[in-house]
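pasting a predicted model and its sequence here:
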Amino acid sequence: MTDEQDAPETRGVTVQHLATVDLGPEIAGMAGRELRMRLVTIDPGGILGPVHDHVDRPGVVYILQGMITDHRDGVAREYGPGVGWPEDRNTTHWLENRGTTPAIEISVDILGQP
């Protein structure tokens, strides 16, 4: 699958929340925002979708294990352990694990508190 329009719903994904920091007391102008760190596991054949953006939710990802295919702008790129990428306001994508072992990433982002 490389067409962003055909990205299926999320399946085979486990998310473990590792830590959060309320940014309001830390940085002026950041009331209602938090810094969040998660451990995300995508099983073989798993999808982190559907297509989503990072407008108002910037972050970074770092791969610990396995391979993750990132689909954005009509291009599928594979990333392996030790590689990371930014997810800024221009990022619109979905992810999949085309491999045979679980893909594990650390995801850190800033978001509005629910």
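Ah, there it is.

neighbours of the closest residue to residue 101 other than its chain neighbours, how many?
Distances taken as C-beta to C-beta, 6 or more residues apart in numbering put residue 66 closest to residue 101, at 5.0 Å, once the chain neighbours are dropped. (Glycine included, C-beta is placed from N, CA and C.) Residue 66 is flanked by 21 other residues according to other C-beta atoms under 10 Å.

with the one 10 residues further on instead?
Counted with other C-beta under 10 Å, the burial measure for residue 76 works out to 15 neighbours.

in its sheet, which strands sit next to the longest strand anywhere in the chain, and in what direction?
Ranked by residue count and defined by DSSP state E, the top strand of the chain is strand 33-53. Its sheet considered, strand 33-53 pairs with strand 11-22 (antiparallel), strand 92-96 (antiparallel), strand 103-112 (antiparallel) by DSSP bridges.

centre of the chain to that strand, how far?
4 Å (C-alpha atoms, centre = their mean, to the nearest Å).

most distant residue from the middle of this protein?
In the chain, counting by C-alpha atoms, centre = their mean, residue 28 sits farthest out from the average C-alpha position, at 26.5 Å.

helix/strand/coil for that residue?
Three-state call for residue 28 (DSSP: H, G, I helix; E, B strand; the rest coil): coil.

from here on, count from 693
In the new count, where the first residue is 693, that last one comes out as residue 720.

what pLDDT does it get?
At residue 720, the pLDDT value in this model is 95.

so what's it up against?
Counting by C-beta atoms under 8 Å, 6 or more residues apart in numbering, residue 720 makes contact with nothing.
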